[in-house]
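*Asks:* Quick one, structure for this:
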Amino acid sequence: MTQWLPSILKETGYDCAPAMELTGWVDLIFNYRHELGPEAPALPKRQFSRLIQYSQKLRNVAVHRNLVSVSEFFMLTYFAVELAEALKDDKRAEVLRNMRLETDHAWESIVAKRDSLETKVNEEMEEIQRAREELDRREKEVVCTMLEQDCGNTSTRCRELEESLKQAMQGGELILL
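*Replies:* Presented below is the predicted three-dimensional model:
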């Protein structure tokens with residue numbers, strides 16, 4: 001901005017562009033657009049204002065640590081790059097592009113790690129489910145074995161009792177086991 005509005009910056013007491021709030025630049029640039037050279041931004045006020053708003057939100061994310069989703073962050077940095085390009089600030093546009101790339105790589109790493117963890121947890125949960133099914137099967141087997149043995153024992157005891165009763169009825173001694 002110092003290259004396009006040096007006298008205005010001096011009049012307003014700003015020694016550099018960052019000294020002024022981002023939203024203040026929209027009105028300042030459009031109020032003094034007739035004094036800007038051909039190298040100055042040539043965006044419609046509405047579009048410029050929108051880019052400033054998104055850039056200000058990105059600034060607030062950085063300065064105030066406002067939380068945003070990754071997709072919102074990518075959108076904000078996209079518009080910040082667009083604003084830097086409109087202002088012919090190639091250096092900041094490149095910094096913003098690099099920031100997007102670094103964030104994209106970091107996000108891909110996070111997603112890959114999360115996918116790996118989810119796969120591991122799913123495998124462990126399947127193993128737990130198989131173990132539960134095996135325990136259920138063993139429980140049923142143990143109960144069936146117990147019932148079979150109980151039935152066998154009951155049958156044996158009933159036969160012995162029956163035999164004892166027969167002998168008692170025939171005049172022999174009554175033997176109970």
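
*Asks:* For the helix or strand hosting residue 95, which helices and strands make contact with it?
*Replies:* Here residue 95 sits within helix 90-169, counting by DSSP states H and E. With contacts taken as 3 or more Cβ pairs under 8 Å, 6 or more residues apart in numbering; DSSP states H and E, helix 90-169 sits against helix 70-86. C-beta coordinates here come from the backbone N, C-alpha and C atoms, glycine included.

*Asks:* Okay, buried residues for the helix it packs on please.
*Replies:* 73, 76-77, 79-86 (16 or more other Cβ atoms under 10 Å).

*Asks:* Of the residues you listed, just say which sits nearest to residue 161.
*Replies:* residue 73 (84.0 Å; Cβ to Cβ).

*Asks:* still on that earlier bit, the inter-axis angle of the helix holding residue 95 versus helix 70-86?
*Replies:* Put simply, helix 90-169 runs at 170 degrees to helix 70-86, going by axes from the mean of the first three to the mean of the last three Cα atoms, to 10 degrees.

*Asks:* just for this structure, where's the confidence low?
*Replies:* For the chain, applying pLDDT under 70 flags the ranges 1-6, 15-19, 22-23, 25-26, 30, 33-43, 171-177.

*Asks:* mind checking how far residue 62 is from residue 120?
*Replies:* Note on residue 62: its distance to residue 120, by Cβ to Cβ, to the nearest Å, is 34 Å.

*Asks:* I meant residue 130, not that one.
*Replies:* Going from residue 130 to residue 120 by Cβ to Cβ gives 16 Å.

*Asks:* Residue 150 now?
*Replies:* Residue 150 is 45 Å from residue 120, by Cβ to Cβ.

*Asks:* what do you get for residue 81?
*Replies:* 37 Å.

*Asks:* again with residue 46
*Replies:* Relative to residue 120, and taking Cβ to Cβ, residue 46 is found at 50 Å.

*Asks:* what does residue 169 give?
*Replies:* 72 Å.

*Asks:* ok, now which ones touch residue 83?
*Replies:* 48, 51-52, 54-55 (Cβ atoms under 8 Å, 6 or more residues apart in numbering).

*Asks:* ok, now with 7 Å
*Replies:* Neighbour list for residue 83: 51-52, 55 [criterion: Cβ atoms under 7 Å, 6 or more residues apart in numbering].

*Asks:* Now, the residues you listed that are in helices?
*Replies:* 51-52, 55 (DSSP state H).

*Asks:* now the residues you listed in JSON lines, with neighbour count and distance to residue 104?
*Replies:* Formatted as JSON lines, these follow (neighbours: other Cβ atoms under 10 Å; distance: Cβ to Cβ, whole Å):
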{"residue": "51", "neighbour count": "23", "distance to residue 104": "21"}
{"residue": "52", "neighbour count": "20", "distance to residue 104": "24"}
{"residue": "55", "neighbour count": "23", "distance to residue 104": "19"}
